[in-house]
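*Asks:* The following comprises the amino acid sequence and a computationally predicted model.
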Amino acid sequence: MKAAVVTDFTKPPACADFPDPAVSDGLVEVEMLAAGVHQLVRSVASGAHYSSGDELPFVAGVDGVGIIDGQRVYTGGCPDPYGTIAERTVVPRGFGIPVPDVLATEVAAAIVNPAMSSWMPLVTCGDVVKGGTVAVLGATGTSGSLAVRIALHFGAKRVIALGRNADVLARVADDPRVVAVSLIHDDPAESLAAAFADGIDVVLDYLWGPVAEMALGALRAHSLTESRSPVQYLQIGAVAGRDIALDAAILRARPISIRGSGGGSIDPMLMLRELPSILDYAASGELSINVRTAPLSDVAEAWVDDRPGRLVITMGG
């Protein structure tokens, strides 16, 4: 079969022959239709992700849309060395979530992974989101802009959207419940502290690094009489840097819970339960994503094309 094969961590995957997957107990074969090239996919293919191994070659891709038993489904979870950017793959039996008829294959392949990055941590926050305030650090990236809409969908009364791209920031802040904070204008630390002053319940951080230091500093309580409502700080991405300097006093001055949200920290059963809701919400039209497609035969060229839009590789046809 043809697949997007990684043979060198310093080069993009190339369309090449790869052994057909063998179906064993607990696995089912999938005829793949389309798969998204998410940041996670790129990171794994470059050997930079915490889940990356050192065994080459392997097939790129973590999720996508395919056909199982004649039904179009969203799926993933392929065992090594298989991935989803291939004509065929294998996935755990039961990991095939029907895609609503009105949701295009390419859109489903593009949107679920970035939407899940905020959906899943917000689910784990419980009732605090409804009627609360959610901050999205990195709100102008694909995942972050979806996170703004998803936080409102979960019932947040206010969303603080922080980002660099002025045009995207203006679009995500077209709702009166969204407060935009620019990282490139004036003093972002001062602006963020002012936005946090009215209370904050959840932080979704796609940036980490210096931006996280700024945000945690803005959360700091400066007196024992100051209001110190609990804050759930969810670390999702590290676009701005993998390390921070954290003043211990910040954690002693206010009840802040910092935890990661990613492939290794999400309950797989909870994810399977939530995936139908994510797909239904995507099908409602309230979420949008810029998609660009390329055929599997052109995966190497498309991989390094920096045009905007979530790249989706289509198989066949």
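*Replies:* Good, I have the coordinates. Predicted, not measured: the structure shown is a model, and the values here were computed from it.
*Asks:* Would you confirm that residue 190 belongs to a strand?
*Replies:* No: Residue 190 is assigned helix when assessed by DSSP: H, G, I helix; E, B strand; the rest coil, not a strand.
*Asks:* Near it, how many residues? Count them for me, please.
*Replies:* For residue 190, the neighbour count with other C-beta atoms under 10 Å is 12. No exception for glycine: its C-beta is placed from N, CA and C like everyone else's.
*Asks:* before we move on, what about the one 4 residues further on?
*Replies:* Other residues within reach of residue 194 by the criterion other C-beta under 10 Å amount to 13.
*Asks:* Identify the single longest strand in the protein, thanks.
*Replies:* If you go by DSSP state E, the chain has its longest strand at strand 27-36.
*Asks:* buried sites along it?
*Replies:* For strand 27-36, a neighbour-count test (16 or more other C-beta atoms under 10 Å) marks 27, 28, 29, 30, 32, 33, 34, 35, 36 as buried.
*Asks:* what angle sits between the longest helix seen in the chain and strand 27-36?
*Replies:* In the chain, taking DSSP state H as the definition, the longest helix is helix 105-124. Relative orientation of helix 105-124 and strand 27-36, computed by axes from the mean of the first three to the mean of the last three C-alpha atoms, to 10 degrees: 100 degrees.
*Asks:* mean confidence score for helix 105-124?
*Replies:* Here helix 105-124 scores 97 as its mean pLDDT.
*Asks:* mind checking how far the longest strand of the chain is from the chain centre?
*Replies:* The chain centroid and the centroid of strand 27-36 are separated by 20 Å under C-alpha atoms, centre = their mean, to the nearest Å.
*Asks:* Can you give the strand pairings for it, parallel or anti for each?
*Replies:* Strand 27-36 sits in its sheet next to strand 63-68 (antiparallel), strand 88-92 (antiparallel), strand 310-314 (antiparallel), going by DSSP bridges.
*Asks:* Adding mean pLDDT, write these out as JSON lines.
*Replies:* Compiled in JSON lines, those are given as follows (pLDDT from 0 to 100):
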{"stretch": "strand 63-68", "mean pLDDT": "98"}
{"stretch": "strand 88-92", "mean pLDDT": "97"}
{"stretch": "strand 310-314", "mean pLDDT": "97"}
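*Asks:* nearest residue to residue 179 other than its sequence neighbours?
*Replies:* Nearest non-adjacent residue to residue 179, counting by C-beta to C-beta, 6 or more residues apart in numbering: residue 160, 4.9 Å away.
*Asks:* For the one you found, give the beta-bridge partners.
*Replies:* residue 135, residue 179.
*Asks:* surely it meets residue 144?
*Replies:* No: with contact defined as C-beta atoms under 8 Å, residue 160 does not reach residue 144; the gap is 11.7 Å.
*Asks:* Overlap in contacts, the two.
*Replies:* Common neighbours of residue 160 and residue 144, counting by C-beta atoms under 8 Å, 6 or more residues apart in numbering, are residue 136.
*Asks:* possible to save the buried residues of strand 27-36 as JSON lines with pLDDT and distance to residue 77?
*Replies:* Formatted as JSON lines, those follow (pLDDT from 0 to 100; distance: C-beta to C-beta, whole Å):
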{"residue": "27", "pLDDT": "96", "distance to residue 77": "10"}
{"residue": "28", "pLDDT": "97", "distance to residue 77": "11"}
{"residue": "29", "pLDDT": "97", "distance to residue 77": "13"}
{"residue": "30", "pLDDT": "98", "distance to residue 77": "10"}
{"residue": "32", "pLDDT": "98", "distance to residue 77": "13"}
{"residue": "33", "pLDDT": "98", "distance to residue 77": "17"}
{"residue": "34", "pLDDT": "98", "distance to residue 77": "17"}
{"residue": "35", "pLDDT": "98", "distance to residue 77": "13"}
{"residue": "36", "pLDDT": "98", "distance to residue 77": "15"}
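*Asks:* Looking at these, which one is closest to residue 84?
*Replies:* residue 35 (4.1 Å; C-beta to C-beta).
*Asks:* ok, the closest one touching residue 59?
*Replies:* No: in this structure residue 35 lies outside contact range of residue 59 using C-beta under 8 Å: 9.9 Å.
*Asks:* Where does the prediction get shaky in the stretch 151-300 of the chain?
*Replies:* Within the stretch 151-300 of the chain, the stretches with pLDDT under 70 are 222-228.
*Asks:* Strands of that one, start to end?
*Replies:* Along the stretch 151-300 of the chain, counting by DSSP state E, counting those that start in this stretch, strands occupy 158-163, 178-182, 202-205, 231-235, 256-260, 291-295.
*Asks:* just those strands: most buried one?
*Replies:* Of all these, strand 202-205 carries the top mean neighbour count, a mean of 27, counting by mean count of other C-beta atoms under 10 Å.
*Asks:* Could I have the CA atoms of that one written out in PDB?
*Replies:* Only the C-alpha atoms of strand 202-205 are listed here, as PDB (Å, rounded to 0.1, in the frame of the first residue of the first chain):
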ATOM      1  CA  VAL A 202      -9.800  28.400  33.900                       C
ATOM      2  CA  VAL A 203      -6.700  29.000  31.800                       C
ATOM      3  CA  LEU A 204      -6.200  27.100  28.600                       C
ATOM      4  CA  ASP A 205      -2.500  27.600  27.700                       C
END
